[in-house]
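Asks: Got a sequence here, can you model it:
(4 chains)
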4 protein chains.
Amino acid sequence: MTTSSSPQAALSSIPADLACAQDYEQLAPRFMALPSFEYIAGGSGAGATAAANRAAFARWSVAPRILADVGKGHTRLTLAGSAMAHPILLAPVAFQTLAHAGGEIDSARAAAALDAVIVSSTLSSFTVEEIARAAEGRHWFQLYFQDSRDATLALLRRAEAAGCGAIVVTLDAVIQAPGNRALRAGFRMPAGCVAANLPADLSEPLTLEPGASRIFQGIMRSAPGWDDLAWLLAQTSLPVWIKGVLHPDDARRLKGMRVAGIVVSNHGGRGLEGAPASLDALPKVRDAVGADFPLLFDGGIRSGLDIFKALALGADAVMVGRLQMYALAVAGALGVAHMLKCLREELEMCMALAGCATLERIDGAALWRND
Amino acid sequence: MTTSSSPQAALSSIPADLACAQDYEQLAPRFMALPSFEYIAGGSGAGATAAANRAAFARWSVAPRILADVGKGHTRLTLAGSAMAHPILLAPVAFQTLAHAGGEIDSARAAAALDAVIVSSTLSSFTVEEIARAAEGRHWFQLYFQDSRDATLALLRRAEAAGCGAIVVTLDAVIQAPGNRALRAGFRMPAGCVAANLPADLSEPLTLEPGASRIFQGIMRSAPGWDDLAWLLAQTSLPVWIKGVLHPDDARRLKGMRVAGIVVSNHGGRGLEGAPASLDALPKVRDAVGADFPLLFDGGIRSGLDIFKALALGADAVMVGRLQMYALAVAGALGVAHMLKCLREELEMCMALAGCATLERIDGAALWRND
Amino acid sequence: MTTSSSPQAALSSIPADLACAQDYEQLAPRFMALPSFEYIAGGSGAGATAAANRAAFARWSVAPRILADVGKGHTRLTLAGSAMAHPILLAPVAFQTLAHAGGEIDSARAAAALDAVIVSSTLSSFTVEEIARAAEGRHWFQLYFQDSRDATLALLRRAEAAGCGAIVVTLDAVIQAPGNRALRAGFRMPAGCVAANLPADLSEPLTLEPGASRIFQGIMRSAPGWDDLAWLLAQTSLPVWIKGVLHPDDARRLKGMRVAGIVVSNHGGRGLEGAPASLDALPKVRDAVGADFPLLFDGGIRSGLDIFKALALGADAVMVGRLQMYALAVAGALGVAHMLKCLREELEMCMALAGCATLERIDGAALWRND
Amino acid sequence: MTTSSSPQAALSSIPADLACAQDYEQLAPRFMALPSFEYIAGGSGAGATAAANRAAFARWSVAPRILADVGKGHTRLTLAGSAMAHPILLAPVAFQTLAHAGGEIDSARAAAALDAVIVSSTLSSFTVEEIARAAEGRHWFQLYFQDSRDATLALLRRAEAAGCGAIVVTLDAVIQAPGNRALRAGFRMPAGCVAANLPADLSEPLTLEPGASRIFQGIMRSAPGWDDLAWLLAQTSLPVWIKGVLHPDDARRLKGMRVAGIVVSNHGGRGLEGAPASLDALPKVRDAVGADFPLLFDGGIRSGLDIFKALALGADAVMVGRLQMYALAVAGALGVAHMLKCLREELEMCMALAGCATLERIDGAALWRND
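Replies: Residues are numbered from 1 along each chain as shown, chains lettered A, B, ... in the order given. Okay, here's the model as predicted:
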């Protein structure tokens, strides 16, 4: 990360010493322009929440079991009606051409090859239709509320038409503080890096009445409310997940609206600086919604061991964001596919040693809190 | 901070990469003589309490909420009868020409421009009358008990005559241990840096009887007592705040004396080395005085997130000391004004993401204790 | 450890400044090829569990006692029927010629000289028969289940015939993740470093059905189960210890099978990355099996003080793995013997200062938990 | 501490920037040969207990109080019948000529000048008679049990004849592990550094029966027992303190023997490595002996704030060991005197700010446990 030389071209084969999914984090800086890496790696502000996401995993150990019969073991699950080969999804990450020219197309190909779902972002570098073709049916669409209901609906209809299997509505990023790491590295979004799904931004500059707040009466003016979400849920028969929930009261209210499920997430530490670790919120949310309600998790996953811990603390499946971008930068579709394969095998090894032949066997009893 | 070259002249515009209030802390060393910076930045002794002030904030997270309606949000409050646009005051910091030639005059101008109250120190570099003119009515006076009641009363009368809106009596600095950082940097108060409100110090050197203690029978000889405070309260109809309270028993007793409010503070870690973090004392004091008693807080505020946490733990408003001096050093009145603007917007962003449209909505339920 | 020059030849006398058993850890890197040292020193993955093993000891203090009469003190014990001079065994460590050409033969000689039992590994560089001759009767055999019961039985019979006093069945390493330290140092098992007890591996490469898991249906296919253990216990009249147990439920079940005892161990942090510290599991296992059931412990022992703590937390005796390899590398049999002598004297000194004349006097009351 | 050049000559005046007692710790390495400094500064083994002694103080804060009347404040106390001007004693430190040619004579002069008691060691570089003359009556004698009761009694009689006011029997150092720092710096006791009170050591080398332990049947053979202590107590009418007690059960038993008091101490972390912090043991011992039993404390005192904390946790007075040696090295008698003066004023300042006019006012209510 200290070099300012040109980044290396992405690899076309996986090096033998690339031993685990997390290795992509170490390798990625060599394959990206420094400002882009800093933008992706950093969290909002000084990065306290992004760091907390990682630190939370270190508070738990997994107790091994002996002589367990896992010969019929597998990682299959059904998630809000979708059958999946394993509980690892590609999180919606915006502007993936920042990492690699292949962008979301490469990520989608990797997802298709590894039986993973890719959740493509409203702010993707390629259109939802282009990504859908590459994903071969394993494709969900992440939706941000737009300035008007019409614009929001138009995106929804495109996702439906493209064959997306579910909608993931992100609600935790109505304002984002810039990240210090990106600022200090001089990051600016490259000219060619645009949101392919959206028209060019022609909105007029914000004008505020005297005494009005740039935050409350400005940016938050068009923030969605509970009625907007109710309206949205009525527009589609697709399963709708809500992403960006940490507070159990919000989770409880969402459950009452019959959403498909909730993604416990703090936007990878890129939303409110000072938000709690996503993993610390997970058991509180699970408690709030009960045992059977579908919960996805993201925030700090770097290994199969991390996935095991998230599942033991209440998640049904997880999404990976930064690892996806790092692997994409290192080796494009091949990198993302290999990273997914590593994660899955790491999870299986952890399950085998913890005596859990199937995902349902993973529960809180397998975790010991470190002192 | 490692440079011994001449400090840079203060800026006349705000650099684009100055993204948050805390950035002034990083920038300030370039704009001040090193010994002065070390004097301001350091705490008493080895700085344990100053460090504890900061560390206490890291023990709390703010739980974000989704879909909250904050379009009518604002930061207004009434504090002991004074209407305020936001809960951020400029703390009394002595000898502000250490940071910038404009000193308290510049700070007062910034306060006036940003609808903030400045609390000017008994030990200000400019007179209370000069500061009052610059502050345009948003001015409180910080009062130290003087060696005689007459001298104390004279200061009080000047503050009243200058139009100060309240008196803040500081009680936690009757003795101050020197700070190691200042000592090691060779700090001495520059010749021109004098307390403009006070006559030159003509007091005779202390003579002690044999066996007497330089502390108990010397410095503490003229320390004020409860009767002195009762006397003072009887001399003025202005609201009188008491600054420097950490212990709930002291807070309870003060409440019984009908002071206007209390400032929970450890003098920025410049009083008793080994005092607890100001933020750790805050909920204990709030418990002692009950929900409606006015409480100000200072001690370690560097961001709007910190302000949110202090408010959630029981403060009605906060004061900023070191940030004020840092911003003053970097860009004079402009810097202080920009720093106040940053803090307010950071607070508003945090409120918006935590679903709190007004200050009253900020309470302990919004905070999660980190593990 | 930063040198890439050739390792030093093993010493033939103990340097005067080699003051304690743990000093072998500091010295060892000079006496081994770096990749071998990294292979031995590292744990699986990033080494979290190996580090946790050590950190757990730091959470406890030993309270000294005054004026205790320990003049008749000793460290003798009877462990599952075997009389021992002290509670320190040499753990089964595979491929000891990695550390020194003398390998397990040197370790066995040291064990014999210092009245310690050596537990030689199924994967030893010398045969069980060769090691038995060097160990002069102080020899147990560590057994891994082989692909067939016949192969397992053949090993068992050889150990019995060689005069081994007990069998230690290791169950926690059915899969081992590679360690990052070894990988990064480019470690590969040297050509001459083979498992002398086993035939050359002629097994066919694993073929999996489509969709099958390399972990569950591959590696774990031939993992032993509870019935295999029951079968094994029926084949021998030797005491059979079970090594690699952390979970109290497993311990409870094993006790019901009348095994000789249990070794609380996480394979030195070389099994499941993310497993809890072995010392943290020890009191849970002791609670599960009751006061009189034989328990051995390994995982992080570096000093007599560590041994004292393990005994106070429930172990009857301990095994040392890495220290054995370090001492072997530094000075062959002499090093291992000296290391054992240091450990024993360190334990005796700790017992003397804690007022414990015999091992039975060491209990939880001697330990204080650090804050 | 990284220099290997010759140490500086001791100072003959106190530098202006020597602001607090703890500064002597920073300065001392310049005034001593490195091996001697390492010997003094280090603890036994890796120094875990010496470090724990210091770390324990950081767990407590002192809550300041406002408006307290301390004008009649003082630090006087009566300790087991002896009136003292303040609660700071010079701990028994052996071989003080390691730090400065003036050794215990200089320390004693400083004690006399600052109204402090010096407890001179059995292993002092000067004789008890020489030290007594310099101490001008403020002199206690630290006694180690000798190999024979006659030898022990001879020392006791000399101390009585020299006018020592009390006897301090040290019981926690029957065996001492060498310290790594001293070993690594190549420390050896200089030839001229001998125990002036004792005859040259003519004892025969230890011979052990086969199978006997060098610890239990060797070094501990002549360790004193409870009956030896009972015998000693019967030999003198001087107050007898017992030093080196951490365990409440030992304290309780000692109280029943009517000793003058107890010194809670772990020998500055130079006894059992792995012993708990002395400060952590203090409240347990106080609980065991009740409110009125005399307790001294040592172990990590570096400031008046530390003294305040020790008193609040149950000590009646404290002893300083390493600070004594550091100040002695820097400036001989002058240094020790100045160090004592600093400590006392630091304690008084802390008392003043915590609202405690006298030592009896210092109690647990003044301390807050840090989070």
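Asks: per-residue confidence at the closest residue to residue A:265 other than its chain neighbours?
Replies: Once its chain neighbours are removed from consideration, residue A:265 has its nearest residue in residue A:298; the separation is 4.7 Å (CB to CB, 6 or more residues apart in numbering or on different chains). In short, each C-beta sits where N, CA and C put it, glycine included. Confidence per residue is given as pLDDT, and for residue A:298 that number is 97.
Asks: same question, residue A:3
Replies: The per-residue confidence score, pLDDT, reads 45 for residue A:3.
Asks: just checking, residue A:64 touches residue C:246?
Replies: Yes. With contact defined as CB atoms under 8 Å, residue A:64 reaches residue C:246; the gap is 5.7 Å.
Asks: helices and strands of chain A: which one bottoms out on pLDDT?
Replies: Every helix and strand in chain A was compared by mean pLDDT, DSSP states H and E; the lowest is helix A:180-184, with a mean of 89.
Asks: Chain A: strands as residue ranges?
Replies: A:60-62, A:77-79, A:82-84, A:88-90, A:118-120, A:139-143, A:167-170, A:240-245, A:261-264, A:295-297, A:317-320, A:367-369 (DSSP state E).
Asks: Point out the one among the ones you listed that comes closest to chain C.
Replies: The minimum distance between chain C and these falls on strand A:60-62, with 3.7 Å, by CB to the nearest CB.
Asks: Packing partners of that closest one?
Replies: Under the contact criterion of 3 or more CB pairs under 8 Å, 6 or more residues apart in numbering or on different chains; DSSP states H and E, the helices and strands touching strand A:60-62 comprise helix A:304-312, strand A:367-369.
Asks: nearest spatial neighbour of the residue of the stretch 201-350 of chain A found nearest chain C, skipping sequence neighbours?
Replies: Distances from the stretch 201-350 of chain A to chain C, computed as CB to the nearest CB, single out residue A:348 as the nearest residue at 3.8 Å. The spatially closest residue to residue A:348, leaving aside those adjacent along the chain, is residue C:215, at 3.8 Å (CB to CB, 6+ apart).
Asks: Measure how buried the one you found is and give me the count.
Replies: Each residue near residue C:215 was counted by other CB atoms under 10 Å in any protein chain shown, and the total is 24.
Asks: and residue A:277, what does it touch?
Replies: Listed by CB atoms under 8 Å, 6 or more residues apart in numbering or on different chains, the contact set of residue A:277 reads A:49, A:52-53, A:55-56, A:266, A:299-300, B:61, B:370.
Asks: which of the residues you listed are buried?
Replies: Those of the contacts of residue A:277 that meet the buried threshold are A:49, A:52-53, A:56, A:266, A:299-300, B:61, by 16 or more other CB atoms under 10 Å in any protein chain shown.
Asks: what's the most distant pair in those residues?
Replies: Comparing all pairs in the buried ones among the contacts of residue A:277 by CB to CB, the longest separation belongs to A:300 and B:61, at 14.3 Å.
Asks: Enumerate the residues of chain A near chain C.
Replies: Residues of chain A lying close to chain C by CB under 8 Å from any CB of the partner chain are A:17, A:19-20, A:22, A:58, A:60-75, A:303, A:305, A:308-309, A:345-346, A:348-354, A:357, A:368, A:370-371.
Asks: filter these to the buried ones?
Replies: Applying a neighbour-count criterion of 16+ other CB under 10 Å, the buried members of the residues of chain A next to chain C are A:19-20, A:22, A:60-68, A:70, A:73-75, A:303, A:305, A:308-309, A:345-346, A:348-354, A:357, A:368.
Asks: picking that back up, and which of the contacts of residue A:277 is nearest residue D:341?
Replies: Closest to residue D:341 out of the contacts of residue A:277 is residue B:370 (42.8 Å), distances taken as CB to CB.
Asks: Next up, the contacts around the most centrally placed residue in chain A.
Replies: By CA atoms, centre = their mean, the mean C-alpha position of chain A lies nearest to residue A:91, the distance being 2.9 Å. Residue A:91 sits next to A:119, A:268, A:298, A:319-321, A:324 when contact means CB under 8 Å, 6+ apart.
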